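Participant: 3D model of this:
(chains A and B)
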Amino acid sequence: DAGVIQSPRHEVTEMGQEVTLRCKPISGHNSLFWYRQTMMRGLELLIYFNNNVPIDDSGMPEDRFSAKMPNASFSTLKIQPSEPRDSAVYFCASSLQGFGNTIYFGEGSWLTVV
Amino acid sequence: SQKIEQNSEALNIQEGKTATLTCNYTNYSPAYLQWYRQDPGRGPVFLLLIRENEKEKRKERLKVTFDTTLKQSLFHITASQPADSATYLCALDDTGGFKTIFGAGTRLFVKA
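Facilitator: Numbering: from 1, shown residues only, chains lettered A, B, ... in the order given. Prediction:
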């Protein structure tokens, strides 16, 4: 299995631009998570989906952030407009729904907003 | 407020010794707790899961304990090796198991 695939791996963009991060979860997994990691705040859960439906987006920092999962094999996280404080590593992860199931992470999208 | 606390200071130990990392939590009642390893520039990778009714879990050189009274988990690496150098994160479930929340992690350095 290819694991969770994220793109782009690295992105440098100017403040005010739209950023779209993409994720392909592991086939057969029905839960998908977007996390953000910074030195200051650690690994924060932004939003998670179950069977393509957003279940909890309470971690999304502002209205500038949005996430979609149009089908079981694709999700996007969009930031519009981007700000320098959005610079972080964004991880997508997937799992089988259920108590204590292992979460499998992608390699992350490293975002720098200048 | 809800908190997961791991030692923010790096842990430096000599090869061959046992490394012990701590995870404390507040205002959670997790049914399970997980430990992950993260190498620089990579995503976290699952290591071990321990359930609330288990006191101890082992896997090769790894051992995890879970004390729901103390609200604490300890993660041990015996006979540590330089290749064990990484950041170790604990994670627990929230709201009935559908959300997994992570601690900030502890950086471990094992010197040869």
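Participant: And chain A, is the helix or strand of chain B with the lowest mean pLDDT touching that?
Facilitator: The least trusted helix or strand in chain B, going by mean pLDDT, DSSP states H and E, turns out to be strand B:99-102, with a mean of 88. Yes: contact of strand B:99-102 with chain A (C-beta under 8 Å from any C-beta of the partner chain) involves B:99-102. For every residue, glycine as well, the C-beta is placed using N, CA and C.
Participant: Compare these and tell me which is most surrounded.
Facilitator: B:T100 (25 neighbours; other C-beta atoms under 10 Å in any protein chain shown).
Participant: Tell me how many other residues surround the spatially closest residue to that residue that is not a sequence neighbour.
Facilitator: With C-beta to C-beta, 6 or more residues apart in numbering or on different chains as the criterion, B:T100 has its nearest non-adjacent residue at 5.1 Å, and that residue is B:A91. For B:A91, the neighbour count with other C-beta under 10 Å is 23.
Participant: For B:A91, give the beta-bridge partners.
Facilitator: Counting by DSSP bridges, B:A91 is bridged to B:Q34, B:F102.
Participant: Surely it touches B:I101?
Facilitator: Yes: when contacts are counted by C-beta atoms under 8 Å, B:A91 is listed as touching B:I101 (6.5 Å).
Participant: so how far is the least confident helix or strand of chain B off the chain centroid?
Facilitator: 13 Å (C-alpha atoms, centre = their mean, to the nearest Å).
Participant: if we can go back for a sec, closest one of the residues of strand B:99-102 next to chain A to B:K17?
Facilitator: Comparing the residues of strand B:99-102 next to chain A against B:K17 with C-beta to C-beta places B:F102 closest, at 26.2 Å.
Participant: Could you pull up the contacting residues of the closest one?
Facilitator: A:35, A:42-43, A:45, B:4, B:36, B:44, B:89-91 (C-beta atoms under 8 Å, 6 or more residues apart in numbering or on different chains).
Participant: Over to B:P82?
Facilitator: For B:P82, the contacting residues are B:15, B:110-112, by C-beta under 8 Å, 6+ apart.
Participant: Throw together a ChimeraX command that grabs the buried residues out of the residues you listed.
Facilitator: Filtering the contacts of B:P82 down to the buried ones (16 or more other C-beta atoms under 10 Å in any protein chain shown) takes a single ChimeraX command:
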select /B:110
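Participant: burial count for residue 66?
Facilitator: I'll assume chain A. The local packing of A:S66 (other C-beta under 10 Å) involves 15 other residues.
Participant: To clarify, I was referring to chain B.
Facilitator: Neighbour count for B:F66, taken as other C-beta under 10 Å: 23.
Participant: and if you look at the one 5 residues further on?
Facilitator: B:K71 has 17 neighbours, counted by other C-beta under 10 Å.
Participant: which SSE is the closest residue to it other than its chain neighbours in?
Facilitator: Of all residues not flanking B:K71 in the chain, B:Y25 sits nearest, at 5.2 Å (C-beta to C-beta, 6+ apart). B:Y25 belongs to strand B:19-26 when assigned by DSSP states H and E.
Participant: Now B:Q2: closest residue in space that isn't a chain neighbour?
Facilitator: Leaving aside its chain neighbours, B:Q2 sits nearest to B:N27 (4.4 Å; criterion: C-beta to C-beta, 6+ apart).
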